[in-house]
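Based on what follows, work out the 3D shape:
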Amino acid sequence: MLRWCCYCQQFLGESPDYQNLSITHGICPACRTKVFEFTEADLKRSESIRDMQHQLHEAGRRNDLGAAQRIIENAVASNIRPVDVLIGVIAPMLYQVGEDWKRGAMSVAEEHGFTAYCSEISIGSLPT
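Numbering: from 1, shown residues only. All right, here's what the predicted structure looks like:
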């Protein structure tokens, strides 16, 4: 499972079951000291990350790599770390696509196309 800080919205690492790419939430050491100081800005940051994931998913359904590039550039410019985009946004999208395929909501061709899109944005859009 992917561990994610529910306060600052950053990737914390993985925990068993490593094949399960769903997200479990925790609190990072920095946020643990200010647990009860959750602000409106923190909430807006969480919402912006959720919106970014939705925008990337929609761009993927259209195979719009240019839009994906702009979305990721905006995320990084707003201080979202590339690892958080990759692990907290792209990996869960891939997991959901696999689940959609398993239940028949997506064809094999659509699943392969979306996977190729995610591979391309992961390699080509994220700064190193």
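
switch to C-alpha atoms for all contacts and neighbour counts from now on
OK.

can you give me the helices for the protein?
With DSSP state H as the criterion, the chain has helices at 29-32, 40-61, 65-77, 82-85, 91-102, 108-124.

Which elements pack onto the second one?
Which is helix 40-61. In terms of contacts (3 or more Cα pairs under 8 Å, 6 or more residues apart in numbering; DSSP states H and E), helix 40-61 is packed against helix 65-77, helix 108-124.

comparing these, which gets the lowest mean pLDDT score?
With a mean of 86, helix 108-124 has the lowest mean pLDDT of the helices and strands packed on helix 40-61.

Quick one: residues in contact with that helix.
For helix 108-124, the surrounding residues in contact (Cα atoms under 8 Å, 6 or more residues apart in numbering) are 60, 61, 63, 65, 68, 69, 86, 90, 94, 97, 98, 101.

burial count for residue 71?
Neighbourhood size, residue 71 [other Cα atoms under 10 Å]: 18.

Among the helices and strands packed on helix 40-61, which comes closest to residue 14?
Minimum separation from residue 14 across the helices and strands packed on helix 40-61 (Cα to Cα) falls at helix 108-124, 18.8 Å.

now the angle between helix 65-77 and that closest one, please.
Helix 108-124 and helix 65-77 are oriented at 50 degrees to each other (axes from the mean of the first three to the mean of the last three Cα atoms, to 10 degrees).
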